[in-house]
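1. Quick one: sequence and predicted model below, then my questions.
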Amino acid sequence: MTAFNDELDARGLNCPLPILRTKKSMNGMAAGDVLKVIATDPGSVKDMEAYAKQTGHDLIESQDDGGEFTFYIKKN
C-alpha cells in the first residue's frame with residue numbers, strides 16, 4: 001500500500017468532476033505530498049494519466065478494483 005498525505009473520494013462523480021476536484025486538492029498540497037484519489041468514472045483512468053503528464057505531477061500508482069479506480073499522485 002502506498003503512503004499518502006490526503007485522500008479525495010470522487011466516487012459517483014462523472015467527468016470532469018474527478019479531475020477538477022483532484023486539481024483543487026493538489027493546489028493545496030506541498031511538493032512531495034501524495035494524494036490518493038478514489039473514483040468510479042471509467043474515464044478517470046485516461047484523465048488522471050493526462051492530468052499528470054500535463055502538470056508534471058507523478059502518477060505513482062493506479063489500480064482498478066472492479067470498477068473502483070484508485071490513483072496515487074505525487075505533487076512536484
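-> Cool, got the structure.

2. got the buried residues for stretch 68-76?
-> Phe69, Phe71, Tyr72, Ile73, Lys74, Lys75 (16 or more other CB atoms under 10 Å). Every C-beta, even on glycine, is put in place using the N, C-alpha and C of the backbone.

3. Not counting stretch 12-25 itself, show me its contacts.
-> Contacts of stretch 12-25 with the rest of the structure, by CB atoms under 8 Å, 6 or more residues apart in numbering, involve 6, 8, 10, 35, 37, 39-41, 43-44, 47-48, 51, 55, 73.

4. ditto for stretch 32-49
-> Here stretch 32-49 makes contact (CB under 8 Å, 6+ apart) with 2-16, 18-19, 22, 25-26, 29, 59-60, 62, 64, 67-75.

5. Give the burial count for Gln63, as a bare number.
-> The local packing count at Gln63 equals 11, with neighbours defined by other CB atoms under 10 Å.

6. That one is in what secondary structure piece?
-> Gln63 is part of strand 58-64 when elements are defined by DSSP states H and E.

7. the helices in the chain, which residues?
-> 17-27, 44-55 (DSSP state H).

8. Take the ones you listed and write them to JSON lines, including mean neighbour count and mean pLDDT.
-> Supplementary listing: the helices of the chain in JSON lines, determined by neighbours: other CB atoms under 10 Å; pLDDT from 0 to 100:
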{"stretch": "helix 17-27", "mean neighbour count": "17", "mean pLDDT": "97"}
{"stretch": "helix 44-55", "mean neighbour count": "15", "mean pLDDT": "96"}
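
9. Let me see the contact set for Asp58.
-> Going by CB under 8 Å, 6+ apart, Asp58 touches Ala52, Ile73, Lys74, Asn76.

10. one more time with 10 Å, if that's ok
-> Remark: with contacts taken as CB atoms under 10 Å, 6 or more residues apart in numbering, Asp58 is in contact with Val34, Ala52, Tyr72, Ile73, Lys74, Lys75, Asn76.

11. just Met26 next, same as before
-> Here Met26 is in contact with Asp6, Leu8, Asp33, Leu35, Val37, Tyr51, Thr55, His57, Ile73, Lys74, Lys75, Asn76 (criterion: CB under 10 Å, 6+ apart).

12. Those residues: which two are farthest apart?
-> With distances taken as CB to CB, the most widely separated pair in the contacts of Met26 is Leu8 and Asn76, at 17.8 Å.
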